[in-house]
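Trainee: please work out how this folds:
(chains A and B)
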Number of protein chains: 2
Amino acid sequence: MRYPPSLLNLIRELGKLPGVGPKSAQRLAFYLQKQTSNDIQALADAILDAKDSLQQCKTCFNISEKDQCAVCEDSLRKQNIICVVAEAADLLAIERSGEYSGLYHVLHGNLSPMNGIGPDQLTIKALLTRLDNIDEVILATSTTVEGEATAMYIAKLLSEIEINVSRIAYGLPVGGDLEYADEVTLGRAISNRRAV
Amino acid sequence: MRYPPSLLNLIRELGKLPGVGPKSAQRLAFYLQKQTSNDIQALADAILDAKDSLQQCKTCFNISEKDQCAVCEDSLRKQNIICVVAEAADLLAIERSGEYSGLYHVLHGNLSPMNGIGPDQLTIKALLTRLDNIDEVILATSTTVEGEATAMYIAKLLSEIEINVSRIAYGLPVGGDLEYADEVTLGRAISNRRAV
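Mentor: Just a heads-up that it's a prediction; the model follows:
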């Protein structure tokens, strides 16, 4: 017996999602099949609505329902510090930490020459136009090879201007067991130690 | 900064899917956000189309785009043997094996009194009306506790009729390493050994 075409199509579409392999896609398809029409409609609407109503902030390229995102609109935030992140999801993660109250700049990716992503594919040029009255730029890209390369590239560009540039700290994750930390992380945690 | 409402709604809807936790839901939402409108529309359409066009086969309760599924419509298949499975996905898995050419009956679940699923919640009554001219019923529910209980329950019902009832074989999975098999599986594999 062949799969019904509409089922096959659904499995193929679900299989395009990140982290969803052929087996998960089939499992999701059968699950959706068993839900009520209302639930299915709610999911489809949520997918389409989010695409329709969300855009990039014209200033910092954060995800937003308006031209200016909620961070850029908020005049109570510190206006003299910009935290540079690779993705809007990273911005939201930093917001959840509650430790930062300045502005952001979302690059929408990291430098990755192998995948054809150079400085022009990111929002680096727009960052350079925002630096009037800015005292510090925090480079909060990931501590992966690509995140590091992106941070170093931007740090070099900014070194020509009189502006403080910092990098988020390396170290043990909170609650992390020293015994299970990898050597590189542990080495960085020791060399970046702080006076108590 | 708060999440935009439409993004929050999408994350909530995606989080209802099986195997998708809050972090995966957020990751999927941001992924979808980055796709083209066409891709998004294709996914939403696939979800709605599958729900609209798929129904249960009136005879065997397999997933189908018509009243009769492709298996029940195919007169070349053996008409005197029924393989009982818990879900339509199991039927498709058996079809992929290519080892079976009879009819099916999809129960749409296993007995699970703890979750309020008794014989009346499954398609067991409909199975009993299909047994004229049937020589054998293969019970192909999973080898889990609930799958076993379901198979035993149906076997007991069928023991009153003159019909051959069989259970799919227990044993080592093909390619499975004997050393890593659990004791119960290994015990069954030995007691169900076959002459070569």
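
Trainee: quick check: residue A:77 touching residue A:101?
Mentor: Yes. Taking CB atoms under 8 Å as the definition, residue A:77 is a contact partner of residue A:101 at 5.3 Å. Heads up, the C-betas are built off the backbone N, CA and C, glycines and all.

Trainee: and the contacts of stretch A:165-178?
Mentor: A:136-140, A:143, A:151, A:154-155, A:158-159, A:181, A:185-186, A:188-189, A:192 (CB atoms under 8 Å, 6 or more residues apart in numbering or on different chains).

Trainee: PyMOL command to pick out the buried ones of those?
Mentor: Buried members of those, identified by 16 or more other CB atoms under 10 Å in any protein chain shown, are gathered into one PyMOL selection as follows:
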select buried, chain A and resi 137+138+139+140+143+151+154+158+181+185+186+188+189
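
Trainee: mind giving me the domain split of chain A?
Mentor: According to automatic domain parsing, chain A comprises the domains A:5-53, A:74-167.

Trainee: among those, which is nearest residue B:111?
Mentor: Nearest to residue B:111, of all these, is domain A:5-53, at 17.7 Å by CB to CB.

Trainee: tell me if whichever helix in chain A runs longest is near chain B.
Mentor: Counting residues, the longest helix in chain A under DSSP state H turns out to be helix A:37-53. Yes. Interface with chain B: helix A:37-53 contributes A:37, A:39-44, A:46-53 (CB under 8 Å from any CB of the partner chain).

Trainee: take that helix, keep the C-alpha atoms, and write them as CSV.
Mentor: Below are the C-alpha coordinates for helix A:37-53, written out as CSV (Å, rounded to 0.1, in the frame of the first residue of the first chain):
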residue,chain,number,x,y,z
SER,A,37,-9.9,20.5,13.2
ASN,A,38,-9.9,23.4,15.6
ASP,A,39,-6.5,22.5,17.0
ILE,A,40,-5.1,22.0,13.5
GLN,A,41,-6.5,25.3,12.4
ALA,A,42,-4.9,27.0,15.5
LEU,A,43,-1.5,25.7,14.6
ALA,A,44,-1.7,26.6,10.9
ASP,A,45,-3.0,30.1,11.9
ALA,A,46,-0.2,30.6,14.4
ILE,A,47,2.4,29.7,11.7
LEU,A,48,0.9,32.1,9.2
ASP,A,49,0.2,34.9,11.7
ALA,A,50,3.7,34.9,13.0
LYS,A,51,5.1,35.2,9.5
ASP,A,52,2.7,38.0,8.5
SER,A,53,3.0,40.1,11.7
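
Trainee: sheet partners, orientation included, of whichever helix or strand comes after it?
Mentor: Sequence order places strand A:55-56 as the next helix or strand after helix A:37-53, per DSSP states H and E. Sheet pairing for strand A:55-56, assigned by DSSP bridges, gives strand A:63-64 (antiparallel).

Trainee: for the strand it pairs with, give the mean pLDDT please.
Mentor: Here strand A:63-64 scores 91 as its mean pLDDT.

Trainee: residues contacting the most centrally placed residue in chain A?
Mentor: Residue closest to the average C-alpha location in chain A (CA atoms, centre = their mean): residue A:87, at 2.2 Å. If you count contacts by CB under 8 Å, 6+ apart, residue A:87 has them with A:106-109, B:30.

Trainee: by mean pLDDT, flag the weakest helix or strand of chain A.
Mentor: Least confident element among the helices and strands of chain A, by mean pLDDT, DSSP states H and E: helix A:183-191 (a mean of 81).

Trainee: show me where chain A has helices.
Mentor: When assigned using DSSP H, the helices of chain A occupy the ranges A:5-15, A:22-33, A:37-53, A:70-73, A:88-97, A:124-128, A:145-158, A:183-191.
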